[in-house]
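In: Just a sequence and a predicted model for now, questions to come.
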Amino acid sequence: MDMIQFEEIIRKFQIEGEITEVHPLGHGTVNHTYEIVCGGIHYVLQEMNHFVFKYPTDVMNNLFHVTEYLRTIIEREGRDPDLETLTFIRTKAGNQLLQTETGSYFRLYRMIRFGEEMKKPDTVETSYEVGKILGQFHRRLRDFPVEQLSYTMPKLHNMKHVLSAFLDAVRGDICFRTSDCQEQIQFVLERSRKTSRIRDAVKAGEIPLRVTHNDTHYSNILVDAESNKAICLIDLDTVMPGVSILDFGDSVRAGAATFDEDEKSGDIELDLELYRFHLQGYADEMGRVLTDREKDLINYAVWLMALERGICYLTDYLNGDRYLTDFSCERQNLYRAVNQFFLVLDIEEKSEQMTQIAKHVFLRHDRVL
């Protein structure tokens with residue numbers, strides 16, 4: 001877009017002043033994102049990808065509900081909501097989202113200027129920050145009426161759907177790739193009957209539905225550039241009703257593994273010290289909120305999220321890399337799946353140690369509080 005197009009879009013939002021700067025922002029592959037300086041204030045303008053988010057108005061309705069609620073809670077705690085949550089701007093017509101005549105969707109929010117994207121946590125201090133900021137997000141939203149939120153991605157973390165899509169990919173074998181990964185296919189099949197424990201606990205009323213982020217990769221955490229303390233969670237597009245320990249499990253899967261999932265290490269494993277501090281940070285915020293069943297299944301959630309991610313990579317590889325295409329190597333999705341399956345194996349081997357860590361963390365937390 002040129003400056004005139006930016007001007008036309010920005011002028012339709014509830015802000016004033018002259019546009020002095022426009023820069024592409026970030027490296028995301030889903031939305032087109034720009035930093036806009038208007039009237040001396042920094043904003044983020046995003047063109048939403050409505051092929052990924054098929055119901056953009058529902059996404060924005062969730063975002064406004066959650067961030068406005070968070071602002072109230074943060075103010076009540078005597079803290080700064082402009083720093084600790086996103087502030088979305090309505091259009092001058094009062095809408096949450098701007099739809100152009102060409103069918104594009106735009107949204108605008110205030111930039112948190114003193115925050116920067118968290119790098120992969122490699123110390124116990126940064127791992128603690130990951131757990132704590134996620135726990136803080138869940139704790140602040142514990143009383144939010146979750147029925148107000150739409151299921152914008154209703155099949156997300158639905159293991160029944162994940163396994164069904166995987167089996168369809170194996171049977172179809174449209175790219176003739178099953179011969180390359182018989183070992184990985186068997187790996188999934190051997191564990192497929194163990195994937196319903198959380199779903200069963202929700203149905204039994206043992207685990208409540210809460211407001212969940214659903215994309216708790218460490219890159220979606222802003223940290224203070226000087227102190228390296230976590231400020232807030234960003235990238236809230238997938239906020240909807242869900243299971244909080246799955247958020248925790250996915251953040252551990254990404255943040256406490258010894259290698260990034262894209263590395264061809266073949267030796268990825270769970271760092272137990274990073275895991276311990278990750279859990280400690282989370283428990284410091286959510287220890288009194290979680291049900292006993294959530295505590296019982298919290299390590300299982302780490303295992304399940306690693307398995308789910310590996311199955312999704314393997315399914316996409318079998319289908320010809322339809323969705324996850326941000327790589328140069330033809331077999332990258334297979335390598336990603338293998339890494340996740342190595343992580344699953346390591347979690348299985350360390351299950352007893354993780355259980356003892358969790359018992360110690362929750363017991364210590366209860367005694368301190």
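Out: Cool, got the structure. Being a predicted model, the structure only gives us computed values, none of them experimental. Residues are numbered from 1 along each chain as shown.

In: now what about the helix or strand hosting residue 42, what contacts it?
Out: Using DSSP states H and E, residue 42 sits in strand 41-48. Residues from elsewhere that reach strand 41-48, judged by CB atoms under 8 Å, 6 or more residues apart in numbering: 6, 9-10, 15, 17, 25, 31-37, 56, 59, 89, 97, 104-111, 113. In short, each C-beta sits where N, CA and C put it, glycine included.

In: So among those residues, which ones count as buried?
Out: For the contacts of strand 41-48, a burial check counting by 16 or more other CB atoms under 10 Å picks out 6, 9-10, 15, 31-32, 34-37, 56, 59, 89, 97, 105-109, 111.

In: got any ranges where the stretch 251-369 of the chain has weak pLDDT?
Out: Across the stretch 251-369 of the chain, the ranges flagged by pLDDT under 70 are 264-266, 324-329, 365-369.

In: As a check, name the ranges of all helices in it.
Out: Along the stretch 251-369 of the chain, counting by DSSP state H, counting those that start in this stretch, helices occupy 272-286, 292-318, 332-349, 351-368.

In: Can I get those helices in TSV including mean neighbour count and distance to residue 124?
Out: Converted to TSV, the helices of the stretch 251-369 of the chain look like this (neighbours: other CB atoms under 10 Å; distance: least, CB to CB, whole Å):
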stretch	mean neighbour count	distance to residue 124
helix 272-286	23	4
helix 292-318	23	17
helix 332-349	21	19
helix 351-368	14	13
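
In: Redo the ones you listed as JSON lines? Include distance to residue 82.
Out: Listed next are those as JSON lines, based on distance: least, CB to CB, whole Å:
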{"stretch": "helix 272-286", "distance to residue 82": "21"}
{"stretch": "helix 292-318", "distance to residue 82": "32"}
{"stretch": "helix 332-349", "distance to residue 82": "37"}
{"stretch": "helix 351-368", "distance to residue 82": "31"}
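
In: Show me the one of those that comes nearest residue 160.
Out: Closest of these to residue 160 is helix 292-318, at 11.4 Å (criterion: CB to CB).

In: Quick check: closest non-adjacent residue to residue 280.
Out: Closest residue in space to residue 280, ignoring its immediate chain neighbours: residue 361 at 5.4 Å, by CB to CB, 6 or more residues apart in numbering.

In: got the contact list for that neighbour?
Out: So residue 361 contacts 276, 279-280, 283 (CB under 8 Å, 6+ apart).
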